[in-house]
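> Test case, fold it:
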Amino acid sequence: MSAVQAATGEALYCDDLPTEKGELHMAFVLSTVPHAKIISVDASKALEIEGVEYYIDATDVPGDNIIFASDKINYCGEPIGAILAKTRAIAERAARFVQVECERLEPIFGLEEAIAAESFGPETVDHAVGDVDKALEQSDHVISGELHLPAQEHFYMETQSCICRPGENEEMVVITSTQTPTTVQTRVAKALCVPQQKIVSKVKRVGGAFGGKQGTSAELAVAAAVGAKRSKKSVRLVLNRDDDMKHTSRNTPMFARYRAGICGEGRLVALDIKVYLDAGGDRSSFNLGMLRICFYSLDQAYNISNLRAKGVECNTNVPPTGPFRGAGSQHGNMFTETIINDIAVKLNISQIKVRELNMYTEDATLDHYAQPLTQVGNIRRCWQECLTISKYHDRKNEYDHFNKENRWKKRGIAIIPNKRKVGMVGRALSQAGALVHVYTDGSVLISHGGVEMGQGLYTKTIQVASRVLGIPTDKIYVNETSTDKVPNTLPTGGSSGSDLYCHAVRIACEEIKQRLEPVMYEDPKGTWEDWVDGAYKHRINLSANGFYKLPGDPEELRKKTGYYFAYGCACSEVEIDCLTGDFEVLRTNIVFDCGDSLSPAIDIGQIEGGFMQGYGYFTMEEERRSPKTGELLTLGPGLYKIPGVKDIPQELNVHLLKGCPNNFGIYSSKNTGEPPIFLGSAVYFAIKDAIYAARDDVGIRGVFRLDPPATAEKIRLACVDQLTKAASNI
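Take a look at the predicted model:
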């Protein structure tokens, strides 16, 4: 509903709010070494700079310190302290004058070093189904391999931002760019040693998050709140792009070693996989959650009857990793899809045939976690429709001919199905609240616990309210998310927002509608405004609280991995330049199962955005760090490449699957936030298809390893010729 304001720059974000009189700006003092013991910190030179008022660190935190390094530094870019000054420029300049003396320790960079040093966390994640050893022994073929999946920067438009405004009696208003207002409230209360009732956490809208504004936003809020308590003034903390990339979390790198058993003409009958997760300098329990979600997604779109997975958390000296759109599902999907791709190459059968042979059929009932496969027939519906719309077989024949006629330009095509759980796991993570007020002029105000991050949550809740109350959407407005309106909110993520908060709004509106029924009965020809005015005069409560919890047995909810499944399929076509490694996406067709979409325009936008983000992850977004310090070298858009306007496929078509109502979603709809991200891998596999054609020209056949992202450099080296052979001998 705020698309016009966002597009014109009129929409207000955290840092757009007016500055209060006397407000101070905060800038972090970040570590420049990756691993060390802190001996001393001297902020005297910084405090001498005009305009600097305070230096704060761990010693200023009355309660739980979740932000400042106190005794030990775990990564380059870790906050050691912070400067409070009259302007942001002064604060950032003064932070560089703080002198930190430390004793350096041996760092560990990357998963290979962590595995060699056995730098592992105390817990593992394990899952097994069937008899893997027996199935491997009886397999006609066993393939083994390794794959490394990289980090990915969230690169939201609005960097991490926070404003803390102290009040009387230890009260504080915390305005943040966050996905999780209640976590901010809780962490700030614990840091300041005050009850949660004294802390009000607010967010109007967020300029992009993608999972990056969960734990990190709470850490920043704690720092700003401690500064506000110390100075008794409003404190504003807004990270510049470089500091945001240096300090905050990013998508989690994972490395897998696997063995796969194949029978007959390409059926995957066994998978034995060990996955290592790079937690960075973080010790968060969410890392184990990422591994679990990775394992939930290991079946991808395929029926694997014998599967054994072991996940290991590795501790390294780089910034912490954490949730990203998909939260580990794209990792599990990619490991399995790579295996499926390699089966086709090894057995010299078509990529279509091996996928259709292994894909879930309509009569499948349970996945590898014994989860009911809701509407599993939709996966083959998406697949068949995508094959038809993309004219896959015609295109494949056309590109095979093109590749025979061209030596240095090659074209590839790939079609990739996907199954993805929707919703967050755990009984406590399936509840939501909303507050709806109807005013005497007939206007309606909604407050709920969900956060608008550009995904259209506010629009969908307004649509639901309009449908229940029977009034136009322009009479309804959604206010900011605030913990003094709706308490105990959940993080907005995991593709759960619409399902939870739309239901909560529906329940509140239905209660108000029920209260209005006597007035409507007395005046059947009246208008909405007449009924509201009549209800007010009859002293009928025009405010209602809506609370929704996912239905079902509590014990069964504890075992669930999600609410239901969403399905999709993408077909991408690319052309690569074998001499430079450059590539161009010629065409992409996507078919996606949204159930009965609440808002097709929003859902198509989410599908397109998810596809582009996945496409960036698998083909171009490459993080590079200093081998000596682990410091991030690819800072900002100049060095860290995300998809731009010219990277959009020349032709991009999104089709919503028709006639597939979802019995588990609000008004038979499905959420579309996270599921589409893996569809971007279709570009990666199309590139790989083109590389196979280039290698075939020089007589090199068979499986080869291509770790994402498939950058121009990697594509060029994979297209083996006399030049790459000569370069390898230098």
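
> Name the spans of this structure whose pLDDT lies under the cut-off.
Under the criterion pLDDT under 70, the flagged ranges of the chain are 1, 282-285, 728-730.

> any idea which helix is longest in it?
helix 497-522 (DSSP state H).

> list the helices and strands the next helix-or-strand element following that helix packs on?
Of the helices and strands lying after helix 497-522 in sequence (DSSP states H and E), the nearest is helix 528-537. On a contact count with 3 or more Cβ pairs under 8 Å, 6 or more residues apart in numbering; DSSP states H and E, helix 528-537 meets helix 497-522. In short, each C-beta sits where N, CA and C put it, glycine included.

> So which elements touch the helix it packs on?
Counting contacts by 3+ Cβ pairs under 8 Å, 6+ apart, helix 497-522 is packed against strand 431-438, strand 444-448, helix 457-469, helix 528-537, strand 543-549.

> strands paired with the helix or strand just after the third one, and their directions?
The C-terminal neighbour of helix 457-469 among helices and strands, as given by DSSP H and E, is strand 476-478. Strand pairing for strand 476-478, determined by DSSP bridges: strand 444-448 (parallel).

> Settle this for me: L105 is touching A36, isn't it.
Yes. L105 is in contact with A36 according to Cβ atoms under 8 Å; the separation is 5.6 Å.

> Report the separation between the two terminal residues of stretch 515-528.
Counting by Cα to Cα, to the nearest Å, you get 13 Å between the two ends of stretch 515-528.

> Can you give the distance of the host helix or strand of A189 from its chain's centre?
Taking DSSP H and E as the definition, A189 sits inside helix 181-192. Relative to its chain's centre, helix 181-192 lies at 22 Å (Cα atoms, centre = their mean, to the nearest Å).

> One more: stretch 216-233?
Relative to the chain's own centre, stretch 216-233 is displaced by 26 Å; criterion: Cα atoms, centre = their mean.

> Same check on stretch 43-60?
Chain-centre distance of stretch 43-60: 36 Å, with Cα atoms, centre = their mean.

> which residues touch that stretch?
Identification of contacts with stretch 43-60 by Cβ atoms under 8 Å, 6 or more residues apart in numbering yields 24, 29, 41, 65, 68-70, 80-87, 90-91, 93-95, 97-99, 223, 226-227, 230-231.

> measure it end to end?
Stretch 43-60 end-to-end distance (Cα to Cα) = 14 Å.

> K419 contacts H368, doesn't it?
No. Using Cβ under 8 Å as the test, K419 is too far from H368 to be in contact (11.3 Å).

> anything in contact with each of these two?
Common contact partners of K419 and H368 (Cβ under 8 Å, 6+ apart): D299.

> Quick check on those two: which one has the bigger neighbour count.
K419 (26 against 22; other Cβ atoms under 10 Å).

> if I've got this straight, the more buried one is in a helix?
No. With DSSP: H, G, I helix; E, B strand; the rest coil as the criterion, K419 is strand rather than part of a helix.

> In space, what's closest to it - neighbours in sequence excluded?
What sits nearest to K419 in space, not counting adjacent residues and going by Cβ to Cβ, 6 or more residues apart in numbering, is A301, at 4.8 Å.

> which residues does that neighbour contact?
355, 359-360, 379, 417-419, 567.

> can you rerun that using 7 Å?
Contact analysis of A301 by Cβ atoms under 7 Å, 6 or more residues apart in numbering lists 359-360, 379, 417-419.

> Which one (most neighbours) among those?
N418 (30 neighbours).

> Quick check: beta-bridge partners of it?
Here N418, judged by DSSP bridges, has bridge partners G568.

> Quick check: it vs C569, distance?
7 Å (Cβ to Cβ, to the nearest Å).

> residues of stretch 298-311 that come out buried?
298-304, 306-311 (16 or more other Cβ atoms under 10 Å).

> closest to A344 among these?
The shortest gap between A344 and any of the buried residues of stretch 298-311 belongs to Y302, at 12.8 Å (Cβ to Cβ).

> Name the nearest residue to the residue located most distally from the centre of the chain, sequence neighbours excluded.
In the chain, the residue that sits farthest from the middle, by Cα atoms, centre = their mean, is E522; the gap is 50.9 Å. Nearest-residue entry for E522: G534, 7.3 Å, with adjacent residues in sequence omitted and distances by Cβ to Cβ, 6+ apart.

> didn't the one you found look like it was pressed against V519?
Yes. Checked against Cβ atoms under 7 Å, the pair G534 and V519 is within contact range at 4.3 Å.

> after the one helix or strand L147 maps to comes which helix or strand?
If you go by DSSP H and E, L147 is part of strand 141-149. Downstream of strand 141-149, the next assigned helix or strand under DSSP H and E is strand 161-166.

> quick check: angle from that next one to helix 181-192?
On the basis of axes from the mean of the first three to the mean of the last three Cα atoms, to 10 degrees, strand 161-166 is oriented at 50 degrees to helix 181-192.

> list the helices and strands strand 161-166 packs on?
When contacts are defined as 3 or more Cβ pairs under 7 Å, 6 or more residues apart in numbering; DSSP states H and E, strand 161-166 packs onto strand 172-176, helix 215-231, strand 235-238.

> who does the shortest one pair up with?
Taking DSSP bridges as the criterion, strand 235-238 forms sheet pairs with strand 24-30 (parallel), strand 161-166 (antiparallel).

> Could you tell me the angle between the last one and helix 215-231?
On the basis of the same axes, to 10 degrees, strand 161-166 is oriented at 30 degrees to helix 215-231.

> can you check the first one too?
Orientation note: strand 24-30 sits at an angle of 120 degrees relative to helix 215-231 (the same axes, to 10 degrees).

> Outside of stretch 497-508 itself, list whatever touches it.
Contacts with stretch 497-508, where a contact means Cβ under 7 Å, 6+ apart, come from 423, 432-436, 446, 448-450, 455, 457, 460-461, 464-465, 468, 544-548, 563, 598, 665-666, 671.

> Start and end of stretch 659-670, how far apart?
One end of stretch 659-670 sits 13 Å from the other (Cα to Cα).

> and that stretch, how far out from the chain's middle?
The answer for stretch 659-670 is 23 Å, by Cα atoms, centre = their mean.

> sorry, back to before: E510: which of the helices and strands packed on strand 161-166 is closest?
Nearest of the helices and strands packed on strand 161-166 to E510, taken as Cβ to Cβ: strand 172-176 at 32.0 Å.

> so what secondary structure elements neighbour the closest one?
Using 3+ Cβ pairs under 7 Å, 6+ apart: strand 172-176 touches strand 161-166, helix 181-192, strand 199-203, helix 215-231.

> tell me which residues in the last one are buried?
Under the neighbour-count criterion of 16+ other Cβ under 10 Å, helix 215-231 has 215-231 buried.

> swap in stretch 626-645?
Applying a neighbour-count criterion of 16+ other Cβ under 10 Å, the buried positions in stretch 626-645 are 629-632, 634-635, 640-641, 643.

> List the buried residues in the helix or strand harbouring L357.
In the assignment (DSSP H and E), L357 maps to helix 351-358. Using 16+ other Cβ under 10 Å as the test for burial, helix 351-358 gives 351, 354-358.

> Then stretch 86-97?
88, 90-95, 97.

> and if you look at stretch 104-124?
107-111, 114-115, 119.

> Just the terminal-to-terminal distance for it.
For stretch 104-124, the first-to-last residue distance is 29 Å (Cα to Cα).

> Quick one: distance of it to the chain centre.
Stretch 104-124 sits 25 Å away from the centroid of its parent chain (Cα atoms, centre = their mean).

> In contact with S482, which residues?
S482 neighbours (Cβ under 7 Å, 6+ apart): 200, 202, 447.

> Can you give me the neighbour number for the first one?
Residues near V200, counting by other Cβ under 10 Å, number 20.

> what residues are up against it?
V200 makes contact with 173-174, 482-484, according to Cβ under 7 Å, 6+ apart.
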